[in-house]
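>>> Only the shape, not the letters, is given here:
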Ligand code: HEM
């Protein structure tokens, strides 16, 4: 073979090598990384739906949610199986913590309270909040909810001051705006706290039954059904070793509807389960109920939201009793938060006999 022949072979070999390297590069993210991640997690006993090339489980998840949301729903509190049917099914099949795939991205769904508390209270910034997609960024902006590091710490300090230091001063303004909507008619309310004139901060703090009712409502229908974190570097979580770049999906909806934590009556509205300490309601698992998050990133608007709810509800109950309208269609859906797809129609019955 002459020089030309040798050159041709060399050229072909180089081309093959180049194509091979290019192929490895192309397949690294959608094939090699998921296979490796799946192996790392399976070897530690974490199972889950199998990874499908490029799509992961995205299509399956979409189809399952579409199927349940198209189905008419009974007036039931069992919303976990309809709002997050994939998590409901896979948690039962693979266990409390399992691996699912958003495209080639591995996501560990965590519904075990102890692990969740460990993640949310980590002090070494090992579990930062993830990147936000463009739609969410447009809605939430670049503010406290999604910021990280020093920027978050500065904003959080300011927000803590505004919400805690100043929030009691906001109560009269909340009462006034509720009055504008409800009118100033005479008040009756059956609860001794509610019977009084306009609610003041001491009254709000004493509304024990209402607090139980609010807790039970947000247990069954949590507005925020979960939140995400990322694993910044290889780290030990409980008995697991988590690799960097794994995404974590914390699901409080799954916890709130877990019969092992709440008992067989888990889907019944029973506010009395909150009549004593939370641990009493949760089979001694204090970590099981966190509708406003936990750790340093706990909801900064927690007291604001609860005070506002208590004020508005007590002022409504001073004037009206209410029942659900027959026109109400039960269809909880997730649009960022959980909400009733067709609104909630209620019938108000005035407590003032002259207005009936
Ligand atoms: C029932 C009503 C509410 C619920 C269930 C709720 C729930 C939550 C949860 C679960 C988190 C933690 C998210 C995470 O750790 O990734 C959070 C964070 C946050 N919430 Fe709320 N929230 C409510 C109302 C409010 C209100 C009324 C405000 C403001 C006026 C507010 C402002 C925030 C902010 C700024 C954060 C981020 C805090 C941080 O990262 O430092 N929330 N909320």
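The structure has been received and is ready for your questions. Remember, it's a predicted structure, so these values are computed and weren't measured experimentally.

>>> Now do the same for the helix or strand containing residue 39: mean pLDDT, whole number.
Assignment of secondary structure by DSSP states H and E places residue 39 within helix 33-42. The average pLDDT for helix 33-42 rounds to 96.

>>> After that helix, which helix or strand is next? Please name it.
That would be, after helix 33-42 and using DSSP H and E, helix 58-70.

>>> And that next one, what's buried?
60, 61, 64, 65, 68, 69 (16 or more other Cβ atoms under 10 Å). Using the backbone N, CA and C atoms, a C-beta is placed for each residue, glycine as well.

>>> can you narrow these to ones near the ligand?
Contacts with the ligand are made by none of the buried residues of helix 58-70, judged by Cβ under 6 Å from any ligand atom.

>>> can you redo those residues as CSV with pLDDT?
Below are the buried residues of helix 58-70 laid out as CSV (pLDDT from 0 to 100):
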residue, pLDDT
60, 97
61, 97
64, 97
65, 95
68, 94
69, 90
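
>>> follow-up on the earlier one: what comes into contact with the helix holding residue 39?
48, 51, 56, 99, 101, 104, 106, 108, 241, 243, 246 (Cβ atoms under 8 Å, 6 or more residues apart in numbering).

>>> Need the max-distance pair from those residues.
56 and 241 (22.1 Å; Cβ to Cβ).

>>> Name the helix or strand of this protein that has the lowest mean pLDDT.
helix 192-195 (a mean of 61; mean pLDDT, DSSP states H and E).

>>> just checking, what packs against the helix or strand following it?
Using DSSP H and E, the helix or strand that follows helix 192-195 towards the C-terminus is helix 201-205. On a contact count with 3 or more Cβ pairs under 8 Å, 6 or more residues apart in numbering; DSSP states H and E, helix 201-205 meets helix 167-182, helix 302-319.

>>> so the first one versus helix 302-319, what angle?
What it means is helix 167-182. Counting by axes from the mean of the first three to the mean of the last three Cα atoms, to 10 degrees, helix 167-182 lies at 40 degrees to helix 302-319.

>>> Nearest the geometric middle of this protein, what residue?
The chain has residue 226 as the residue nearest its centroid, 1.7 Å off, counting by Cα atoms, centre = their mean.

>>> quick one, what contacts that residue?
Neighbour list for residue 226: 249, 250, 251, 252, 253, 254 [criterion: Cβ under 8 Å, 6+ apart].

>>> Columns distance to the ligand, mean neighbour count and mean pLDDT on top of the helices and strands packed on helix 201-205, output as TSV?
Output for the helices and strands packed on helix 201-205, formatted as TSV (distance: least, Cβ to the nearest ligand atom, whole Å; neighbours: other Cβ atoms under 10 Å; pLDDT from 0 to 100):
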stretch	distance to the ligand	mean neighbour count	mean pLDDT
helix 167-182	10	14	81
helix 302-319	4	19	92
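
>>> Out of those helices, flag the one nearest residue 32.
Comparing these under Cβ to Cβ, the one sitting nearest is helix 302-319, at 43.5 Å.

>>> Flag the shaky bits of the stretch 101-250 of the chain, pLDDT-wise.
165-168, 184-196 (pLDDT under 70).

>>> Only the buried residues of the strand or helix carrying residue 241, if you could.
Under the criterion of DSSP H and E, residue 241 resides in strand 240-242. For strand 240-242, burial by neighbour count (16+ other Cβ under 10 Å) applies to 240, 242.

>>> Beyond that strand, next helix or strand please.
Heading C-terminal from strand 240-242 (DSSP H and E), you reach strand 247-250.

>>> and that next one, is it in reach of the ligand?
No. Using Cβ under 6 Å from any ligand atom, strand 247-250 stays clear of the ligand, coming no nearer than 7.9 Å.

>>> partner strands of that strand, parallel or antiparallel?
Within its sheet, and counting by DSSP bridges, strand 247-250 is paired with strand 105-110 (parallel), strand 227-230 (antiparallel).

>>> contacts for the last one?
Same thing as strand 227-230. 119-120, 127-130, 245-250, 293.

>>> cool, the longest one as well?
Here strand 105-110 makes contact (Cβ under 8 Å, 6+ apart) with 34, 37-38, 41, 46, 48, 56, 87, 90-91, 96-101, 116, 119, 242, 245-251, 254.

>>> so what's the residue nearest to the centre of the chain closest to, chain neighbours aside?
Of all residues beyond its chain neighbours, the one nearest residue 226 is residue 251 (4.2 Å), with distances taken as Cβ to Cβ, 6 or more residues apart in numbering.

>>> got it, and residue 219?
In space, residue 219 is closest to residue 256, 4.7 Å off (Cβ to Cβ, 6+ apart).

>>> Nothing else from me, thank you.
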